[in-house]
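Novice: What shape does this take:
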Amino acid sequence: MTALKKTPPGQNSAYKLAAAVRRARVASMATPVVGELKPSQGRIRVTLAGKPISRDRRSAAFGPSSIDIPEFSSVRKPK
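Specialist: Sure, this is the predicted structure:
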């Protein structure tokens, strides 16, 4: 076991160790990350200030809500 401890880690292992050390150092400083959303009591709470748009405006902006593929509609059973 002593020989294994003295061998230097491979490139992949060294990168993973350095990344883990960096993550631990950043977490210990507790500096906020710009644009990061932090949960409150296990939930991310978002306040929406906009109003819902009507179905006509939504379909005009995003197109029809159903997917119509001719190959599938010919196989689909009539209702």
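
Novice: Run the chain-centre distance for the longest helix along the chain.
Specialist: Longest helix of the chain, by residue count under DSSP state H: helix 11-29. When distances are taken as CA atoms, centre = their mean, to the nearest Å, helix 11-29 is centred 21 Å away from the chain's centroid.

Novice: for this protein, what are the low-confidence residue spans?
Specialist: Residues of the chain that meet the criterion pLDDT under 70 lie in 1-6, 33, 65-68, 73, 75-79.

Novice: same thing but 50
Specialist: Applying pLDDT under 50 to the chain flags residues 1.

Novice: can you give me the strands for it?
Specialist: Residue ranges of strands cannot be listed for the chain, since DSSP state E assigns none.

Novice: could I get the longest helix of the chain in CSV with only the CA atoms?
Specialist: Coordinates of the C-alpha atoms in helix 11-29 are reproduced here as CSV (Å, rounded to 0.1, in the frame of the first residue of the first chain):
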residue,chain,number,x,y,z
GLN,A,11,-3.9,13.3,-15.2
ASN,A,12,-7.6,12.6,-14.9
SER,A,13,-7.4,11.9,-11.2
ALA,A,14,-5.3,15.0,-10.6
TYR,A,15,-8.0,17.1,-12.4
LYS,A,16,-10.8,15.6,-10.4
LEU,A,17,-8.9,16.2,-7.1
ALA,A,18,-8.1,19.8,-8.1
ALA,A,19,-11.8,20.4,-9.1
ALA,A,20,-13.0,19.0,-5.8
VAL,A,21,-10.6,21.2,-3.8
ARG,A,22,-11.7,24.3,-5.8
ARG,A,23,-15.4,23.5,-5.2
ALA,A,24,-14.7,23.0,-1.5
ARG,A,25,-12.8,26.3,-1.3
VAL,A,26,-15.6,28.2,-3.1
ALA,A,27,-18.3,26.7,-0.9
SER,A,28,-16.3,27.5,2.2
MET,A,29,-16.1,31.2,1.3
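
Novice: All good on my end, thank you.
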